[in-house]
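S.K.: Output the structure for:
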Amino acid sequence: MRRLLHLDGLRGWAALFVILHHLELGFFPAIKGSNDGVSPILGPFSFLVDGPLAVAIFFLLSGIVLAEAVEAARRRYGAQKIGLTSLVVKRWLRLGLPIIVTGLLILILFISIGNRTTEASAVAGSDWMHTLFPPGYHPHFLDVLRETTIGAFVGPQTPVHDPVLWTIRVEFMGSILVFLLCLFIPSGFARLAACAISGMLLIAVPAWLPNFCALFAVGVALHDLAAHMQHRIDRHQLVCDVLGLAAILTATMLYPVLNLLVPDLMDRLGSLADPLGHMSQWTARSILIVAGTLISPTAQSFLSLPISLFLGRVSFGLYLLHLPVLFSLGIASYLAIEPVQGATLAAGVASLLVLSTSLAGALVFHHLIERPSIRLAGKAGALASPRTGETLAGG
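M.R.: Prediction:
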């Protein structure tokens with residue numbers, strides 16, 4: 001799995017961009033971009049606060065990394081020891097245990113300090129913060145427990161106590177799709193064809209959940225293609241580096257510029273690429289970014305730097321913790337500073353506090369919650385495997 005460390009770095013930066021996106025929506029609504037994620041103020045740097053793009057990258061990376069994990073486990077233990085049930089149990093625990101802990105933290109914060117999102121949204125002018133929780137919402141222990149153990153994975157709606165958990169339903173269902181493709185379809189042309197067919201079918205469904213799950217099938221295809229073509233990539237590193245960086249820069253910086261300059265052109269191109277309108281521009285851009293990363297040595301070097309690997313290591317904790325930090329410490333500091341120093345300084349201080357506290361908390365969370373959860377999930381997956389007694393690899 002070490003050869004995929006740079007993808008962990010990419011996941012870390014994507015998690016950071018999600019936080020910046022929510023800070024922008026909460027405290028800096030004036031620089032909020034259009035529905036296409038393009039800010040007229042940030043221009044080519046709109047990708048720094050493009051949360052939907054970052055989430056699409058999450059799903060693609062999960063498809064790649066889970067496919068690699070299944071293949072590595074099969075090579076190590078043999079296909080007869082890898083079962084769908086064990087992989088699903090392990091995935092549920094790997095995601096669920098940290099989510100349960102976060103849910104309990106949110107419950108404690110609601111009980112101890114209450115909910116000031118309505119007050120903060122009125123001061124900051126943030127529609128996003130105003131709709132973060134229902135009016136007068138107060139979570140109860142049993143509701144939070146049900147939402148964190150079941151509702152976040154297969155529930156009909158996003159858990160009310162933690163709106164960012166909408167991604168977990170996609171993550172869980174998409175993970176099962178990856179397991180099915182990797183366990184029951186032989187690698188090579190057959191699996192690529194299965195990825196293409198399943199991806200197109202999921203994109204064609206007029207519902208957001210299967211549309212997002214299609215990215216997992218694309219991730220499996222990218223994993224297989226990258227593995228098959230690795231020797232060619234190694235032989236033509238300069239060409240691949242140029243192509244990979246061009247793809248990444250096009251998706252991150254060139255798209256916002258073109259969308260601001262010629263919005264009708266981008267709409268027409270989008271209609272040609274996806275007549276049904278189910279595949280967003282974030283889908284196409286995320287594929288360009290991840291595919292470019294897979295072939296670009298320069299991008300891989302940057303994403304393997306210590307700061308990138310640190311962000312990747314704490315990315316799940318960062319994603320889970322930033323919302324409770326934002327609606328507690330972030331809002332409290334913003335409301336305390338704004339009457340004295342003004343909205344801009346209050347937003348800046350609150351954002352720095354949220355970002356630094358989330359990073360520090362994510363590091364502690366990784367060591368105290370995530371790593372034990374991974375070990376426990378591995379043991380549970382082994383017990384549920386066709387032949388028990390060994391812990392399966394992968395996360």
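
S.K.: so where's this protein uncertain?
M.R.: For the chain, residues meeting the criterion pLDDT under 70 lie at 1-3, 33-35, 78-81, 264-267, 269-278, 386-395.

S.K.: residue at max distance from the center of it?
M.R.: In terms of distance from the mean C-alpha position of the chain, residue 340 ranks first, at 36.8 Å (C-alpha atoms, centre = their mean).

S.K.: Which elements pack onto the helix or strand containing it?
M.R.: Under the criterion of DSSP states H and E, residue 340 resides in helix 331-341. Applying 3 or more C-beta pairs under 8 Å, 6 or more residues apart in numbering; DSSP states H and E, we find helix 331-341 packed against helix 117-124, helix 343-365. C-betas here are computed from N, CA, C, even on glycine.

S.K.: Quick check: buried residues in it?
M.R.: Burial within helix 331-341, assessed by neighbour count using 16 or more other C-beta atoms under 10 Å, is assigned to 331, 333-335, 337-338.

S.K.: now those residues in CSV, with distance to residue 87?
M.R.: Listed next are the buried residues of helix 331-341 as CSV, based on distance: C-beta to C-beta, whole Å:
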residue, distance to residue 87
331, 40
333, 43
334, 43
335, 46
337, 48
338, 49
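
S.K.: Dihedrals phi and psi, residue 163?
M.R.: In terms of degrees, to the nearest 10, the main-chain angles of residue 163 are phi -60, psi -20.

S.K.: Could you give the number of residues near it?
M.R.: Neighbourhood size, residue 163 [other C-beta atoms under 10 Å]: 14.

S.K.: Is it in contact with residue 129, as I believe?
M.R.: No: look at residue 163 against residue 129 with C-beta atoms under 8 Å: they stay out of range, at 11.0 Å.

S.K.: May I have the secondary structure class of residue 186?
M.R.: Three-state call for residue 186 (DSSP: H, G, I helix; E, B strand; the rest coil): coil.

S.K.: Could you do residue 156 as well?
M.R.: What three-state DSSP gives for residue 156 is coil.

S.K.: Let me see the ranges of the strands in the stretch 251-395 of the chain.
M.R.: In the stretch 251-395 of the chain, no strands are defined using DSSP state E, counting those that start in this stretch.

S.K.: Which among the helices and strands packed on helix 331-341 is found nearest to residue 203?
M.R.: Closest to residue 203 of those is helix 343-365 (C-beta to C-beta; 32.9 Å).

S.K.: ok, residue 337 to residue 120 distance?
M.R.: 12 Å (C-beta to C-beta, to the nearest Å).

S.K.: who does the longest helix along the chain touch, helix- and strand-wise?
M.R.: Assignment by DSSP state H gives helix 84-113 as the longest helix of the chain. With contacts defined as 3+ C-beta pairs under 8 Å, 6+ apart, helix 84-113 has these neighbours: helix 141-146, helix 152-154, helix 166-184, helix 315-325, helix 371-383.

S.K.: Report the buried residues of the longest one.
M.R.: By that I understand helix 166-184. For helix 166-184, the neighbour count (16+ other C-beta under 10 Å) marks 166-182 as buried.

S.K.: Same question for stretch 219-236.
M.R.: Per 16+ other C-beta under 10 Å, stretch 219-236 contains these buried residues: 219-224, 226-227, 233.

S.K.: now swap in stretch 67-76 and tell me
M.R.: Neighbour-count burial for stretch 67-76, with 16+ other C-beta under 10 Å as criterion, is recorded at 67-71, 73-74.
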